[in-house]
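Peer 1: starting from these lines, generate the structure:
(one chain, ligands or ions: 1)
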Amino acid sequence: MSRRRQLYEGKAKILFEGPEPGTIVQYFKDDATAFNNQKRGVITGKGVLNNRISEFVMVRLGEVGIPTHFLRRLNMREQLVREVDIIPIEVVVRNVAAGSFAQRFKMEEGAALPRPIVEYFYKSDELGDPLVCEEHITAFGWAAYPELDDMISLALRINDYLSGLFAGVGLRLVDFKIEFGRLWEEEDVRIVLADEISPDSCRLWDMKTNEKYDKDRFRRDLGNVAEAYQEVARRLGILPEAGPRDLKGPEMVQ
Ligand code: TMP
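Peer 2: Predicted coordinates:
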């Protein structure tokens, strides 16, 4: 890491001032936390893999017209992104009951949902990221109604596209968490996808075996955590060391 002004250190990333105004460098750490920081660990190589996986996903989403903060990957652990005002809401989209949703409704993990369900959590370590609704978000001024409309429609488009992308490599997109930011362009403000999309922020299950390829391996002490992240990268065709065949693109699973 070169010497730059550090803007913020989160649980899995550090943000530095970027080389040009309006840009930020996202540095991906190997640190992992769960349950609001109560469980901590290191997943060796996670930062490198998440940097690549998130780059791949953000670029693909950009190609289908989803506005994102992503500019370019700089090196193994860093990517350049546009500076945005992060909206303090975690938007979760669920296709299958799992995690806190399965617990809340006493549903079995793996039960299909009648349609994708969008939930909001207020980003606050102190409060433990509580589930909130549109009334809370607008009344407390975290986001305005038109911004929420953009966030929901983008979240559902992202879900459609990513469900297909991961299904193509034999992975079921069970649920995921995304964050949005306000991008200021002269007089204009628009909502763009920010943060990261990686096995830290998605649940990905093998289509055939339901084996987990995501951070639940760390949360639930299932073992082979780094291997699971590697397998996601390998299936997406973005692990250069996996050989030239894998560099061509996603591997199709019948
Ligand atoms: P949950 O079932 O624990 O609410 O998680 C829903 C999705 O959001 C899951 O894919 C994991 C992701 N997630 C995060 O990215 N960060 C978090 O802090 C939490 C709790 C979940």
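Peer 1: near the ligand, which residues of the stretch 1-150 of the chain show up?
Peer 2: 92, 98-101, 129 (CB under 6 Å from any ligand atom). Where C-beta positions appear, they are placed from N, C-alpha and C, glycine not excepted.
Peer 1: at 5 Å instead, please
Peer 2: With CB under 5 Å from any ligand atom as the criterion, the stretch 1-150 of the chain meets the ligand at residues 92, 99-100.
Peer 1: just the buried residues of the residues you listed.
Peer 2: residue 92 (16 or more other CB atoms under 10 Å).
Peer 1: give me the residue from the stretch 1-150 of the chain nearest the ligand.
Peer 2: Using CB to the nearest ligand atom, the closest approach of the stretch 1-150 of the chain to the ligand is made by residue 99 at 2.2 Å.
Peer 1: isn't that residue right up against residue 175?
Peer 2: Yes - here residue 99 reaches residue 175: they are 6.9 Å apart, a contact under CB atoms under 8 Å.
Peer 1: give me the common contacts of these two.
Peer 2: residue 203 (CB atoms under 8 Å, 6 or more residues apart in numbering).
Peer 1: tell me the secondary structure for residue 146?
Peer 2: helix (DSSP: H, G, I helix; E, B strand; the rest coil).
Peer 1: whoops, residue 108 was the one
Peer 2: Classified using three-state DSSP, residue 108 is coil.
Peer 1: quick one, grab the pLDDT at the nearest residue to residue 202 once chain neighbours are set aside.
Peer 2: Leaving out its chain neighbours, the residue that sits closest to residue 202 by CB to CB, 6 or more residues apart in numbering is residue 176, at 4.0 Å. Residue 176 carries a pLDDT value of 99.
Peer 1: equivalent analysis for residue 186, please.
Peer 2: 88.
Peer 1: burial count for it?
Peer 2: Here the count is done by other CB atoms under 10 Å, and residue 186 has 5 residues near it.
Peer 1: please shift the residue numbers so they start at 22 in all later answers.
Peer 2: With the count now opening at 22, the last piece we talked about shows up as residue 207.
Peer 1: excluding residues flanking it in the chain, which one is nearest the residue nearest the centre of the chain?
Peer 2: The centre of the chain sits closest to residue 218, judged by CA atoms, centre = their mean, with a distance of 2.4 Å. Nearest non-adjacent residue to residue 218, counting by CB to CB, 6+ apart: residue 78, 4.4 Å away.
Peer 1: hmm, the one you found is touching residue 183, no?
Peer 2: Yes - contact criterion CB under 8 Å: residue 78 and residue 183 qualify, at 6.9 Å.
Peer 1: between these two, who's got more neighbours?
Peer 2: residue 78 (25 against 22).
Peer 1: just the element for that one, please.
Peer 2: Assigning secondary structure by DSSP states H and E places residue 78 in helix 67-84.
Peer 1: endpoint to endpoint, stretch 125-143 covers what distance?
Peer 2: 17 Å (CA to CA, to the nearest Å).
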